[in-house]
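Visitor: All I have is the shape, not the residue letters:
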């Protein structure tokens, strides 16, 4: 058996016994996926997936970066013949030992796709054929999988200017799956980026009026939020290098906006403009009720030559140390005392868990802690998150789990891993008589299901 | 039974057996409390405590912040009718599951106050009545509890200008309990703070002369230290945002002092002035033997609107990243090689444990590591502290335990929890054959009792 | 028995059983020591070691700093009569309980030197005599120990201007031990340091031409690299406060070089010059194939008065927070995509493991993670390293173990401890069904032996 029934549980019998029990409590709960990057097109068209390399290897930046880091050229992975790509992946599969990517892949291959033997150079061909066979059947169409995965709701992540055609198509079809958008206006906030003017134009087009000044720009954002909300959105998302927030005067905001329109905004201008827009977003969230998410601390496209050749999201983003206490003070002083606002914070800098994030969530009514993100969405990473936040923020100021994935077929794997790790964490607390088993059971359900629904108003 | 006999111990039998043994070695040792915030008035007057909400809920910023963070208005907690406050607290008691506050409260309620059933909405009324009954009896007067808690010495924390009337009153009464002050001159160091002039005046009044220049100001500080020492103090304490230290010339020190007197000192002035005064404090410590404590890294009153309505110490202080290596260099180069100085360092930034603090303590004769502070005074926090400092600083450059509490009745809970966690840490070392059981027993006693006495010269 | 057979293994039977098996797999593998500070003279001359204090206490900055930190003057340790020094050390031996230094010393004393009883005040004299007796015999000569330790290769660390006489002498002797140099040009990079001119002159002397401009300086570095390589070197090493990298124009590089020659270079000049030279070193590494190591983040000689009296390497170096993501970007964008470059990164700031280093190694083909360094070369430190890097960088982007020691007789202790800790880490993964036992066995061999050979091209 490739997937051990007790995987990820501590071997101590007193812990493992309780971990199993708690996991039994949550393993069959529906999946709530309030933040992720699945392409809504696949659920709109419901076309069959093409073949294993395109399904599993090529869109997954976790896989690409690990193979690339061992000297395998991205050309071979992205432009190779599908079976050759799959063979290469299978040969290098040992690299994923001990990583969450390996754990997700094992689940995806054996549990979701029914591959019979552990992946390796020897089993590459057979597993390719097995997957091809599965993908041909109606049970492996995206919507069928959505239902089999028992996804109660799936949020995508969409640009402010996105017309949400796929979401419309899903709504208009008879299918009952709940797929909702999330409003992510990053591209129009980054006024020093080369593509900003183009992004602004797209936004203006959707808005139906040219965005010639800051006031109109802000109206466009507000209108788009309304449209997203009508389409089912319950949240916005903001990816920033630093979570800096500050109010600008209307004049200064417009000055920066006009500078940007002239193509003259620099990084310092962008920093202030973005800081001000985060304030505006919080203000609008209070009004329209959309939950606000901040994902801070990724230095995007760190590898410039690679970015130029292969584009974004190939595994070349690297975290930086991140400051929340001073940076968020303006926003929290203005809006953080209002329990109607929900602000979910994500970090790539684990040193902020106990130092800044748990104290902020353990004080401000508006703040919730997002689950361990990206590199930290892992067995040890989740364990550290719980151990470093629970004692200060408690359980009920966390936001439940996000799978945050682009890889549709990895969704069950990610939720299963999170439920197992949380069950094990709670079993450790129980075995040390820190919480009772009854409380642990209630907390397990909250972490696996209820907190995500509550936080994201789903 | 609400409190499990083996609580906080690892479930592994090889660890738990030894943890129990080590805990047995320390559980009945007297309590040495070298740093905390108990109001000396309660021991001076020895009046009975009023009722449960005023005793337990309202003065405890750990409790207030957690309830506030879930959207409960502070008005309801601070200005509500006592029984209503208690009911609200009891209803929300589940929020404290898995937190040290919850562990302390359980101990306080069941072990100290003899409450019979776990606190919840259902048991709110009964527990209120039970506590009221206890508080009415002579055994629950502050001094009786002090004796029952077996407190050998209790240090309070007092402003430089404090006349120490309650300490005098305790001395003058026939009662033998040892309650000593600690010299904390922060308020007169913060020359950019709005209340500085007032604080300076208070200091001048106690000193008996107006503080018109820096030289006189420094003399006042020196005199107050002498007075505090006569009153039993063995230590000073300094709360700073950054632990920056540097010598100013006497001229520059006086220039800043005069600027402050004119109400013109800004944050940069304050930073330099405070850095210089830390040097002066170390210099005076070498002379008068007072142990010097630095508590660094709390951004006080982060929540400005809340501070304006409800004042300080309501749970609105948030930590920031803290730098010790460069900041303390001036002080340590000047005084750190002298083993007559004892400098106890506290941090809210756990990333400094292994990176800066343990290396500093493992080198400079003057440096000791204070125990995990505030948010980190917890099961996981203490375990991380030991695991991240012992290998570099050893055991004997740490300062034993501080309860650091304002909540008098929580003192035994806090020491008990620390003794359990240290016993468990040592049991893990023993079970892995890193230290022998005999050594572990000696170390357990040092951590629970001896190191606090040695470090603080008690 | 002083050394327990199962030391450092978790007590849980499911973990311990596997840890033992995995350790059995690696305990007898030869020692590969690709980075360290053993003085090559001892192997060139092969003279007997003098006596215990000079062998064990006086050259070990870990021991000196711990004793000094408890108030023992360095004079007593460095200038005392050998037996008195040994007695003092033995009396204070309890300070090392729970530290890796203690674990290494126990191994060295009992396993390498055959001391019969645990070291303490009582056994000080007897142990001294026992060691003296051993050192007198031919089996305890350096080369005999080198063979008994089963060292396959030992790298020293040598200044750019070092003529490598001892390495020549070893080559010219008939002895087959492989002792190779490592090129560490730090002294000529630090243009603001007082001794720079002297260091430059030494380099010019070895180079055979005066270094009057930057171009000639660079040629000298290139020539010395060639010479080191001929003498067996496979790596360079660079100790920097910050790992800052940037290209200067040839003009600016020469301007800074000339400024330095006039004794006018300041810290900011040094920072830029060093950043540029790291770029040059990477460029040359691509050409000559030498592996590039960066050891970042030690604030050297933090204790100025102690440094002035006793010199460097007495335990007065303190780590600082370190930034890799932004600092290394220039170097990695220029050379990091080329798998022919190997760049091994070391940190003293553990918060960078999961935040910056594992993501960098898990993406850039050139980057490898050096093992936990210095203060973190310890049981808990190594465990944290694996737990915080494996999930993102995997196992195969790490560089195996470095003992990094000046203490020749501690080499087996350090490798043994690392093999035990890694075996235990892998046993934990196995017991949680994260890796299979077969995979764990393969990984254990890689960590103990193969990865060091592969990374350092040995």
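Guide: Yep, it's here. Computed from a prediction, not measured in an experiment: that's the story for all the values here.
Visitor: so what's residue A:278 closest to, chain neighbours aside?
Guide: residue A:245 (4.8 Å; C-beta to C-beta, 6 or more residues apart in numbering or on different chains). Where you see a C-beta, it was placed from the backbone N, CA and C, and this is true even at glycine.
Visitor: Can you give me the neighbour number for the one you found?
Guide: Look at residue A:245: counted by other C-beta atoms under 10 Å in any protein chain shown, it has 25 neighbours.
Visitor: for the stretch 151-300 of chain A, what spans make up the strands?
Guide: All strands of the stretch 151-300 of chain A, identified by DSSP state E, counting those that start in this stretch, fall at A:151-155, A:158-159, A:179-180, A:183-184, A:235-240, A:291-296, A:298-299.
Visitor: closest one to chain C among the ones you listed?
Guide: Proximity to chain C (C-beta to the nearest C-beta) singles out strand A:298-299 among the strands of the stretch 151-300 of chain A, at 5.4 Å.
Visitor: List of residues touching that closest one?
Guide: Around strand A:298-299, the neighbours that count as contacts under C-beta atoms under 8 Å, 6 or more residues apart in numbering or on different chains are A:239, A:241, A:317-320, A:348, A:374, C:325-326.
Visitor: On the C-terminal side of that strand, identify the next helix or strand.
Guide: helix A:304-310 (DSSP states H and E).
Visitor: same question for the helix or strand that that next one is followed by, mean pLDDT?
Guide: Remark: after helix A:304-310, the chain's next helix or strand is strand A:318-319, criterion DSSP H and E. The average pLDDT within strand A:318-319 is 98.
Visitor: hmm, strand A:318-319 in reach of chain C?
Guide: Yes: residues of strand A:318-319 contacting chain C under C-beta under 8 Å from any C-beta of the partner chain: A:318-319.
Visitor: Show me what the helix or strand just after that strand is packed against.
Guide: For strand A:318-319, the succeeding helix or strand toward the C-terminus, using DSSP H and E, is helix A:329-335. Where contact means 3 or more C-beta pairs under 8 Å, 6 or more residues apart in numbering or on different chains; DSSP states H and E, helix A:329-335 is packed against helix A:267-288, strand A:343-347.
Visitor: Strand A:343-347 and the first one, what's the angle between them?
Guide: Counting by axes from the mean of the first three to the mean of the last three C-alpha atoms, to 10 degrees, helix A:267-288 lies at 140 degrees to strand A:343-347.
Visitor: Can you mark which positions in helix A:267-288 are buried?
Guide: Within helix A:267-288, the residues that count as buried by 16 or more other C-beta atoms under 10 Å in any protein chain shown are A:269-282, A:284-286.
Visitor: Same question for the shortest one.
Guide: Of the residues in strand A:343-347, those buried by neighbour count under the rule 16+ other C-beta under 10 Å are A:343-347.
Visitor: Give me the spatial nearest neighbour of residue A:259, chain neighbours excluded.
Guide: Using C-beta to C-beta, 6+ apart, the nearest residue to residue A:259 is residue A:265, at 4.8 Å.
Visitor: Pull the number of nearby residues for that neighbour.
Guide: Per other C-beta under 10 Å, the neighbour tally for residue A:265 reads 21.
Visitor: measure it to chain B for me?
Guide: 29 Å (C-beta to the nearest C-beta, to the nearest Å).
Visitor: From what I see, that residue and residue A:191 are in contact.
Guide: Yes: the criterion here is C-beta atoms under 8 Å, and residue A:265 meets it with residue A:191 at 4.2 Å.
Visitor: Between these two, which contacts overlap?
Guide: Going by C-beta under 8 Å, 6+ apart, residues that sit against residue A:265 and also against residue A:191 are A:256, A:259, A:273.
Visitor: measure the residue sitting nearest the centre point of chain A to residue A:373 for me?
Guide: Geometric centre of chain A, nearest residue: residue A:404, 2.2 Å, by C-alpha atoms, centre = their mean. Remark: distance between residue A:404 and residue A:373 (C-beta to C-beta, to the nearest Å) = 7 Å.
Visitor: Likewise for residue A:223?
Guide: Taking C-beta to C-beta, one finds residue A:223 at 30 Å from residue A:373.
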